[in-house]
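[1] Could you work out the structure for the sequence below:
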Amino acid sequence: MKIHKIAKEKLIEKHIDWKQAYTPKTEYLKRQFDAVVGKGSYFRFEGKAADGSEYYCILSPARVHKPIAKFFAGVRKLPATYSAGGKYFDSFDRAAVYAQETWGVKVPKELKPYTAAQLYGISKRITEWKSQQDDEENSLKSEKESKYDVEYPKSKKEES
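    Numbers count the residues shown, from 1 in each chain. Sure, this is the predicted structure:
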């Protein structure tokens, strides 16, 4: 008697319709990488298969606090409690091609062909960007608070 293994259906075979979608946390990451690396350096997609299962895909700079940063293409089924699993690449366009060939994610037109060389020193640039964001946020908070600080004229009793 022969045992036949049936292969699990690959995501590309599920014909998932991927759309760019960002959560509040990933919107922050998109702004961060757009500012630190350049426009078109971070993408997040969500898609739904015909069987109703939902997935998300990330194309992003990764390992940014390691000596050599890379680009990452990863996918995870939703709802997710763990980060996406995938592969690391030396070029962003190669990561996008991998996502297209493996999961069927279309390469975004806005994607730039960044290389790992453009990620050199990214850890320091991210730290500086975050610090600048914190400064701007604190400035806006104090500005907002000062709008509500109203000085009322002193009464004659308070003056004496």
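
[2] So residue 19 versus residue 53, what's the distance?
    Per Cβ to Cβ, to the nearest Å, residue 19 is found 15 Å from residue 53. For every residue, glycine as well, the C-beta is placed using N, CA and C.

[3] Between these two, tell me which one has more neighbours.
    Comparing residue 19 with residue 53 by other Cβ atoms under 10 Å, the one with more neighbours is residue 53, at 13 against 10.

[4] With adjacent residues omitted, what lies nearest to that one?
    With sequence-adjacent residues excluded and distances taken as Cβ to Cβ, 6 or more residues apart in numbering, residue 53 is closest to residue 77, at 6.2 Å.

[5] what's the neighbour count on the one you found?
    Neighbour number of residue 77 under other Cβ under 10 Å is 13.

[6] Am I right that it falls within a helix?
    No - Residue 77 is assigned strand when assessed by DSSP: H, G, I helix; E, B strand; the rest coil, not a helix.

[7] Relative to residue 23, how far out is it?
    Distance from residue 77 to residue 23, counting by Cβ to Cβ: 16 Å.

[8] what residue ranges in this protein score low on pLDDT?
    Under the criterion pLDDT under 70, the flagged ranges of the chain are 1, 5, 7, 141-160.

[9] for it, what spans make up the strands?
    17-20, 43-48, 54-62, 70-78, 85-89 (DSSP state E).

[10] could these go into a markdown table alongside distance to residue 110?
    Below are the strands of the chain laid out as a markdown table (distance: least, Cβ to Cβ, whole Å):
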| stretch | distance to residue 110 |
| --- | --- |
| strand 17-20 | 9 |
| strand 43-48 | 8 |
| strand 54-62 | 11 |
| strand 70-78 | 15 |
| strand 85-89 | 18 |
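
[11] Tell me which of those strands approaches residue 116 most closely.
    Comparing the strands of the chain against residue 116 with Cβ to Cβ, the closest turns out to be strand 70-78 (6.0 Å).

[12] and the closest one with strand 43-48, angle?
    Counting by axes from the mean of the first three to the mean of the last three Cα atoms, to 10 degrees, strand 70-78 lies at 20 degrees to strand 43-48.

[13] Listing partners with orientation, what would you give for strand 70-78?
    Here strand 70-78 has these sheet partners by DSSP bridges: strand 54-62 (antiparallel), strand 85-89 (antiparallel).

[14] How far off centre is it?
    Put simply, strand 70-78 sits 10 Å off its chain's centre (Cα atoms, centre = their mean, to the nearest Å).
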